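Engineer: turn this into a model:
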Amino acid sequence: MLAPDCFYGNVVFCLVAEVEINKLRTEEAGLRDALLKMQALNEGLGQDIIELNRIIMHLEQEKATLQVCDILRPVLYSTGPYMLIIYSYFGKARIKQVG
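Structural biologist: Just a heads-up that it's a prediction; the model follows:
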């Protein structure tokens, strides 16, 4: 919409200015859309990082459990004629002797 004072001055200049303002508004809307998309991507990336860290922590717990079981296995085998069952559940060693 043209400003009222444009009719008293250079109409062509005001029309060009209005076109430029409309272009800037369109560009601003595009930038806002791009910003919203970037925010959504960052949020998704944050969720992926959280899930990856959870998986890494679980795997590290499993690794530690297996290392403990490897250390305990010879000691438990030497305690008597038992069948030894070692298993892991969420990173905690469970050792059961059946004999």
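
Engineer: give me the distance between residue 57 and residue 64.
Structural biologist: Noted for residue 57: a distance of 11 Å to residue 64, by C-beta to C-beta, to the nearest Å. C-betas here are computed from N, CA, C, even on glycine.

Engineer: how about residue 12?
Structural biologist: 77 Å.

Engineer: looking at these two, which is more packed in?
Structural biologist: residue 64 (14 against 9; other C-beta atoms under 10 Å).

Engineer: please identify the helix or strand for the more buried one.
Structural biologist: Counting by DSSP states H and E, the element that carries residue 64 is helix 11-77.

Engineer: tell me which strands and helices that helix is in contact with?
Structural biologist: With contacts defined as 3 or more C-beta pairs under 8 Å, 6 or more residues apart in numbering; DSSP states H and E, helix 11-77 has these neighbours: strand 83-89, strand 92-98.

Engineer: can you give me the mean pLDDT across that helix?
Structural biologist: Taken as a whole, helix 11-77 carries a mean pLDDT of 88.

Engineer: ok, residue 30 - how many residues close by?
Structural biologist: 10.

Engineer: and residue 56, how far is that from residue 63?
Structural biologist: As judged by C-beta to C-beta, residue 56 and residue 63 stand 10 Å apart.

Engineer: likewise residue 52?
Structural biologist: Separation of residue 52 from residue 63 (C-beta to C-beta) stands at 16 Å.

Engineer: please apply the same query to residue 15.
Structural biologist: Using C-beta to C-beta, residue 15 is found at 71 Å from residue 63.

Engineer: ok, now residue 54?
Structural biologist: 15 Å.

Engineer: swap in residue 25?
Structural biologist: Taken as C-beta to C-beta, the span from residue 25 to residue 63 is 57 Å.

Engineer: do residue 13 as well
Structural biologist: From residue 13 to residue 63 the distance is 73 Å (C-beta to C-beta).

Engineer: returning to what we had before: mean pLDDT lowest for which of the helices and strands packed on helix 11-77?
Structural biologist: Taking the mean pLDDT of these, strand 83-89 comes last: a mean of 49.
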